[in-house]
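**Q** fold the following for me, if possible:
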Amino acid sequence: MTASPAAATPADGLRFAFGTLTVLRVRVTRWDRPAARAGMVCAPLVGLVVGLFAAAAGGVLLLLGCGPLLAAAGTIAVPAALTRGLHLDGLADTADGLGSGRPAEDALRIMRQSDIGPFGVLTLVLVLIGQVAALAGAYGTSWARGAAGFAVASMAARTAMTLACREGVAPARPEGLGAAVAGAVPARAAWGLAAGVVALCAAAGLPFGPYAVAQFTAAALLALGAAELLLRRCRARLGGVTGDVFGALCETACTAALVVLAAGRGTG
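**A** Below is the predicted model:
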């Protein structure tokens, strides 16, 4: 009888999370289910770190007099650089697979191809324009509030990935990141973590007044809701999740959060 892998330590989880979700030079020492479980629980922390780095880059550009639009573009470029465009590539591949209208096996084959089709290109363009436009408006009102908002969006986006790893969500393929992490996180832990992240997002709005608290809360909730709708679609069409699907969930959630944060800016 094969012994079960030893429980993962917090350090194992952090290595797994940063080693698989970013290009930071982190040595992943374990690739088993306990490490995957701990790693995906740490995904929101990865989002927070990436979001803060990105917001800092936007702040530097604003200090240099580059203006809100260029600062927003620079901010959005940082997560792309820190992931080598992994999540954006996943978004494009998922759009091509779902947009093809083909059976699951053919859609998964399309998603594995190295080129990007018309659905992927269109989705990438619209998402990136939407993210930059929403963040530029926030920066134009207040860099501090825009920076906090982007950190909230980034953290919520990675929380959507944690929720997609909950028990009951199957991998669409027997190999790859999706197979490694799908179903690894207990459902109660995943939803509890999501509730905690929403509360933290609400707290991030406290320095900016009650309207910001409500807006940051709504941004986190809508981000997770949008990702959950996409996850359900992918499970129905593809039979489960893949690494590309995780990238698509992340970018979808981030975009939804930024759109909410852009709505009614300057109010409150």
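
**Q** residue ranges with poor pLDDT in the chain?
**A** For the chain, applying pLDDT under 70 flags the ranges 1-4, 264-268.

**Q** which positions in the helix or strand hosting Ala57 come out as buried?
**A** Assigned by DSSP states H and E, Ala57 belongs to helix 43-63. Buried residues in helix 43-63, defined by neighbour count with 16 or more other C-beta atoms under 10 Å: 43-55, 57-59, 61-62. C-beta coordinates here come from the backbone N, C-alpha and C atoms, glycine included.

**Q** got a list of what Leu88 touches?
**A** With contact taken as C-beta atoms under 8 Å, 6 or more residues apart in numbering, Leu88 is in contact with Ala80, Leu124, Val127, Leu128, Gly247, Glu251.

**Q** kindly format the C-alpha coordinates of the helix holding Ala57 as CSV.
**A** Provided in CSV are the C-alpha atoms of helix 43-63 (Å, rounded to 0.1, in the frame of the first residue of the first chain):
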residue,chain,number,x,y,z
ALA,A,43,-3.1,32.1,-4.8
PRO,A,44,-4.8,35.3,-3.4
LEU,A,45,-1.5,36.3,-1.8
VAL,A,46,0.2,36.0,-5.2
GLY,A,47,-2.5,38.3,-6.6
LEU,A,48,-1.9,40.8,-3.8
VAL,A,49,1.9,40.9,-4.4
VAL,A,50,1.5,41.2,-8.2
GLY,A,51,-1.1,43.9,-7.8
LEU,A,52,1.0,46.0,-5.5
PHE,A,53,4.0,45.7,-7.8
ALA,A,54,1.8,46.7,-10.7
ALA,A,55,0.3,49.7,-8.8
ALA,A,56,3.8,50.8,-7.8
ALA,A,57,4.8,50.9,-11.4
GLY,A,58,1.8,53.0,-12.3
GLY,A,59,2.6,55.4,-9.5
VAL,A,60,6.2,55.8,-10.8
LEU,A,61,4.8,56.6,-14.3
LEU,A,62,2.4,59.2,-12.8
LEU,A,63,5.2,60.8,-10.9
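
**Q** return the distance of that helix from the chain's centre.
**A** Put simply, helix 43-63 sits 14 Å off its chain's centre (C-alpha atoms, centre = their mean, to the nearest Å).

**Q** what's it packed up against?
**A** Judged by 3 or more C-beta pairs under 8 Å, 6 or more residues apart in numbering; DSSP states H and E, helix 43-63 is in contact with helix 10-21, helix 68-82, helix 118-141, helix 143-163.
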